[in-house]
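Chemist: Mind looking at a prediction? Sequence and model below.
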Amino acid sequence: MTLKIRDGHIYADNGEWLKKIDCPKAARLVDMQVVSDETFQCSLCDHVIHNTDFMSENDIVALLKGDPQACLKISILNPIFEVQT
């Protein structure tokens, strides 16, 4: 299974919409303080940011279904994600 990134949104493998990729603070990696390999703390808004490099597709889907406002750090080099144009 891969998660699709299309037009600034994340979709599950079955096409189900999961999340709009948007940060109202326009946070960058430099704005994040490492808490653990799996999480960061945003210095701009104090939210927890989940590092998807250490998550499975199922973990990401479960997180977003349980908390649609969850913040994610996404690398387009992560094979879990397929960027579509």
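Modeler: Noted; the coordinates are in hand.
Chemist: Find the centremost residue of the chain, please.
Modeler: What sits nearest the mean C-alpha location of the chain, by C-alpha atoms, centre = their mean, is residue 72, with 2.9 Å.
Chemist: Could you double-check that that residue lies in contact with residue 54?
Modeler: No: contact criterion C-beta atoms under 8 Å: residue 72 and residue 54 do not qualify, at 11.5 Å. Any C-beta I mention is one placed from the backbone N, CA and C, and that applies to glycine too.
Chemist: And the helices in the chain?
Modeler: Secondary structure of the chain (DSSP state H): helices at 57-66.
Chemist: what about the strands in it?
Modeler: Ranges of strands within the chain are 3-6, 9-11, 17-20, 32-34, 39-42, 48-51, 71-73, 81-84, based on DSSP state E.
Chemist: Compare those and give me the one nearest residue 60.
Modeler: strand 3-6 (6.3 Å; C-beta to C-beta).
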